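Asker: Kindly return the folded structure for what I paste below:
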Amino acid sequence: MDEDEALARLIALAGTGAAGASGAPDAALLRAVVEEASELGARRALARLGLADEAARDDVSDLRQLLGAWRDAKKSAWAAVVDWAVRGMLALLVVGLAMKLGFAGLLK
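Answerer: Predicted coordinates for the structure are as follows:
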């Protein structure tokens, strides 16, 4: 019996009210229906995304590693840009101080 059939049987059983004394399905039956439906929905969603095969775990792991490497590279690039900007500003400050103090001859 596949998942579709199992879910259909559980829904049919819940619809008859056979499980509970008051004519309504009991909590265990409702829980089983919800669990089966959610499992089936999750499998369908993964299949639509192309992640239902055995290699999916490795693919997701590789994607996570690639994303982590991208974030590290982006962080390093921004740190380098800030570092160069600070060095450039400090160099301009030193040149400005040298000009102001009359050390322009040393800059040639």
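Asker: what about the residue nearest the centre of the chain, which helix or strand?
Answerer: Closest to where the C-alpha atoms of the chain average out (CA atoms, centre = their mean) is residue 64, at 8.1 Å. In this assignment (DSSP states H and E), residue 64 forms part of helix 56-100.
Asker: which secondary structure elements does that helix contact?
Answerer: Secondary-structure packing of helix 56-100 (3 or more CB pairs under 8 Å, 6 or more residues apart in numbering; DSSP states H and E): no helix or strand packs against it. (C-beta placed from N, C-alpha, C; glycine too.)
Asker: Return the distance of that helix from the chain's centre.
Answerer: On the basis of CA atoms, centre = their mean, to the nearest Å, helix 56-100 sits 23 Å off its chain's mean C-alpha point.
Asker: List the contacts of residue 91.
Answerer: If you count contacts by CB atoms under 8 Å, 6 or more residues apart in numbering, residue 91 has none.
Asker: residues in contact with residue 56?
Answerer: 46, 50.
Asker: For burial, what's the neighbour tally of the residue lying closest to residue 10 once chain neighbours are set aside?
Answerer: Spatial nearest neighbour of residue 10, excluding adjacent residues (CB to CB, 6 or more residues apart in numbering): residue 33 at 4.7 Å. Using other CB atoms under 10 Å, residue 33 has 18 neighbouring residues.
Asker: and residue 33, how far is that from residue 62?
Answerer: 36 Å (CB to CB, to the nearest Å).
Asker: so which helix or strand takes in the nearest residue to residue 30 once chain neighbours are set aside?
Answerer: Computed as CB to CB, 6+ apart, the closest residue to residue 30 that is not its neighbour in sequence is residue 14, at 6.7 Å. Assigning secondary structure by DSSP H and E places residue 14 in helix 3-16.
Asker: same question, residue 52
Answerer: Remark: residue 52 resides in no helix or strand, with elements defined by DSSP H and E.
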